[in-house]
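> just the structure for this:
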Amino acid sequence: MARWTYRYRSELAPLAIAAALVLTAAVLHARHPGTWPALAVLSAAIALFLWRFSSRWLDRPAERSYAGSTTALAGAWLTVATATGPGSAPLPIVGLLGTLAAGLPWWTHRRRRARVRVERTLESWPHVAEETGLTGSRVVSAVVDRWGWRALIHLRGGQTAADALNRLPAIESSLGTRRGAGRIEPDPVRADRAYLRILDRDPHAEPIPWPGPIITTITEPVELGVFEDATPVRISLLRRHTLIAGTTGSGKSGVLNVILAAVSGCPDVVLWGIDLKNGMELQPWASCLDRLATTPAQSTTLLGDAVTLLEDRAGQLTAEGEKTWEPTPDRPALVIVIDEYAELTETARDALAHADSIARRGRAPAVTLVVATQRPTQKTMGSAASDPNLRSGSACACRNGVTSNSSLTRACSPPAGAPTPSTPPASSTSLPPASTSPAGPAAISSTAHR
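Residues are numbered from 1 along each chain as shown. Modelled structure (predicted):
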């Protein structure tokens, strides 16, 4: 009976709390019935804390609301029961109905059930370790998340993360997971520890809804989606040029849409765009772009103005004794989005020198390139392909061999619920074109909000 109670302690928690409330109320009513005002104040304070200040432990608003409301109701019942006695009507029936009402969300909560399932799985780790050749290892800690769980494994002396990695297929078999669900990562602090990551669900199996814009400044990273191990894909656009590469239909436009939707509402950034496909991709975002070039001549002019702005800002930084341009609504950063860079290479050769200059010198003045292309090769990218200043990359889907001489990081999957360009955000910082600003490009500042 004790073993059964311990095993199902999570499921029995609402009943145990209800029993503890009844017992506490009976003792307080018999010995200290006058403490009910203090109980009322204490219950209200705890409920308020859980509602407003428990985000460190309860990261979801629904969970904080549940914790706060159940605490408030339990405290109210305990207060009345202390004053009148737990057996006085209608407290027994109210307590029973309240236990059921509070218990149903607890019993059906997905994260709680997942945590319990993982705890029971890890309780059998000694058996798993023996089956997989990791005898003597033990679980130090485990964390459950949306996609699965992650455990820190303390290995036996003489074993390393490489040994655990070699036995990963056996671990998956012993745990009963799907093939490829496991990941092994070494602990950067100790060689005799490793992290075991188990994905209960494939994060790329279904579209991930776009959560909406979550950044308010260009200094914050943009979240594009998740890696294959379910860790977030985040890139910074401030002083980091970005290359997005992939074949037709691989999702380049989706990544661009996520980036544009994320930063278009930030008051400290201005967006310019180049789309030599007659504006097919970027024209729907025209209300959020301060400038949009759709012809080779316009592209050359736009990039030339960006270089002029860059040089004027560099001169201003020198005069002020500063090294980097810190974006503000009055001194915004500039992000230039170029869709299908290969078209620029073929039809606007005069613009390439400007693009290369921005790639080399744009970091300090906060002038950033976001480049999308199908084939990030030396031929299609020109000198930008081997430019070390293209620091961030997103490879959506590339054929073998096309990523040579390019600057790409791990492949990622953009949120499939990302905003479509037909419904761009309503607000964006607007600036006068650099070539027509009466005070010159260095005087460009935030002048309006759409």
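> from here on, just use CA atoms for contacts and neighbour counts.
Will do.
> next, count neighbours for Ser55.
By the criterion of other CA atoms under 10 Å, Ser55 has 14 neighbours.
> who are the contact partners of the residue nearest to it when sequence neighbours are not counted?
Of all residues not flanking Ser55 in the chain, Arg64 sits nearest, at 7.3 Å (CA to CA, 6 or more residues apart in numbering). Each residue near Arg64 by CA atoms under 8 Å, 6 or more residues apart in numbering is listed here: 50-52, 54-55, 58.
> any chance of those residues in TSV, plus secondary structure?
Below are the contacts of Arg64 laid out as TSV (DSSP: H, G, I helix; E, B strand; the rest coil):
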residue	secondary structure
Leu50	helix
Trp51	helix
Arg52	helix
Ser54	coil
Ser55	coil
Leu58	coil
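> could you dump these to TSV with distance to Pro267?
Below are those laid out as TSV (distance: CA to CA, whole Å):
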residue	distance to Pro267
Leu50	33
Trp51	31
Arg52	28
Ser54	30
Ser55	27
Leu58	31
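> out of those, which are buried?
Buried residues within the contacts of Arg64, counting neighbours by 16 or more other CA atoms under 10 Å: 50-51, 54.
> shouldn't Pro14 be within a helix?
Yes. Counting by three-state DSSP, Pro14 falls inside a helix.
> surely it touches Thr99?
Yes. Look at Pro14 against Thr99 with CA atoms under 8 Å: they come within range, at 6.5 Å.
> which residues do those two both contact?
Common contacts of Pro14 and Thr99 (CA under 8 Å, 6+ apart): none found.
> what's the closest non-adjacent residue to Thr84?
His29 (7.1 Å).
> check which helix or strand the one you found maps to.
Using DSSP states H and E, the element containing His29 is helix 13-31.
> which residues touch that helix?
Contact with helix 13-31 is made by 35, 74, 78-79, 81-86, 95, 99, 102-103, 106, as judged by CA under 8 Å, 6+ apart.
> what's the PyMOL line that selects buried ones from those residues?
Listed next is the PyMOL selection for buried residues among the contacts of helix 13-31, using 16+ other CA under 10 Å:
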select buried, resi 74+78+79+81+82+83+84+85+86+95+99+102+103+106
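> helices - which of the contacts of helix 13-31 land there?
74, 78-79, 81-84, 95, 99, 102-103, 106 (DSSP state H).
> of those, which is the nearest to Gly321?
Nearest to Gly321 among the ones in helices among the contacts of helix 13-31 is Trp106, at 59.0 Å by CA to CA.
> any idea how far Arg3 is from Val118?
Going from Arg3 to Val118 by CA to CA, to the nearest Å gives 18 Å.
> higher neighbour count, the two?
A count of neighbours by other CA under 10 Å puts Val118 above the other of Arg3 and Val118, at 19 against 8.
> only the buried residues of the helix or strand encompassing that one, if you could.
Assigned by DSSP H and E, Val118 falls within helix 110-123. Within helix 110-123, the residues scored as buried using 16+ other CA under 10 Å are 114-116, 118-119, 122.
> export these to a markdown table and tack on distance to Ser69?
Converted to a markdown table, the buried residues of helix 110-123 look like this (distance: CA to CA, whole Å):
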| residue | distance to Ser69 |
| --- | --- |
| Ala114 | 23 |
| Arg115 | 23 |
| Val116 | 23 |
| Val118 | 28 |
| Glu119 | 27 |
| Leu122 | 32 |
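> how about the helices of this structure, start to end?
Using DSSP H, helices in the chain cover 2-7, 13-31, 36-53, 61-84, 91-108, 110-123, 125-132, 161-166, 168-175, 252-263, 296-320, 341-347, 349-361, 378-381.
> mind putting those helices into CSV with distance to Ile218 and mean pLDDT?
Below are the helices of the chain laid out as CSV (distance: least, CA to CA, whole Å; pLDDT from 0 to 100):
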stretch, distance to Ile218, mean pLDDT
helix 2-7, 49, 78
helix 13-31, 45, 94
helix 36-53, 28, 92
helix 61-84, 26, 92
helix 91-108, 39, 92
helix 110-123, 33, 80
helix 125-132, 45, 92
helix 161-166, 38, 94
helix 168-175, 40, 93
helix 252-263, 7, 89
helix 296-320, 18, 94
helix 341-347, 23, 84
helix 349-361, 18, 89
helix 378-381, 26, 60
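> right, and these - which one's nearest Ala286?
helix 252-263 (10.9 Å).
> distance between that closest one and the chain's centre?
Distance, stretch centre to chain centre, for helix 252-263: 15 Å (CA atoms, centre = their mean, to the nearest Å).
> just the CA trace of it, in CSV.
Listed next in CSV are the C-alpha coordinates belonging to helix 252-263 (Å, rounded to 0.1, in the frame of the first residue of the first chain):
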residue,chain,number,x,y,z
LYS,A,252,13.1,31.1,-47.4
SER,A,253,10.1,33.4,-47.8
GLY,A,254,8.7,32.0,-44.5
VAL,A,255,11.9,32.9,-42.7
LEU,A,256,11.9,36.4,-44.3
ASN,A,257,8.3,36.9,-43.2
VAL,A,258,9.1,35.9,-39.7
ILE,A,259,12.0,38.4,-39.6
LEU,A,260,10.0,41.2,-41.1
ALA,A,261,7.0,40.6,-38.8
ALA,A,262,9.3,40.5,-35.8
VAL,A,263,11.3,43.7,-36.4
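> buried set for it?
For helix 252-263, using 16+ other CA under 10 Å, the buried residues are 252-263.
> what bridges to the nearest residue to Thr368 once chain neighbours are set aside?
Closest residue to Thr368 apart from its sequence neighbours, by CA to CA, 6+ apart: Val335 at 4.7 Å. Beta bridges link Val335 to Leu271, Thr368 when assigned by DSSP bridges.
> nearest the middle, which residue of the protein would you pick?
Computing the C-alpha centroid of the chain and ranking residues by CA atoms, centre = their mean puts Pro232 first, at 4.6 Å.
> from Thr328, how far out is Lys259?
Let me fix one detail, which is that residue 259 is Ile and not Lys. Taking CA to CA, one finds Ile259 at 19 Å from Thr328.
> should've said Thr300
The spacing between Thr300 and Thr328, counted by CA to CA, is 27 Å.
> touching, Ile171 and Glu130? I think so.
No. In this structure Ile171 lies outside contact range of Glu130 using CA under 8 Å: 10.3 Å.
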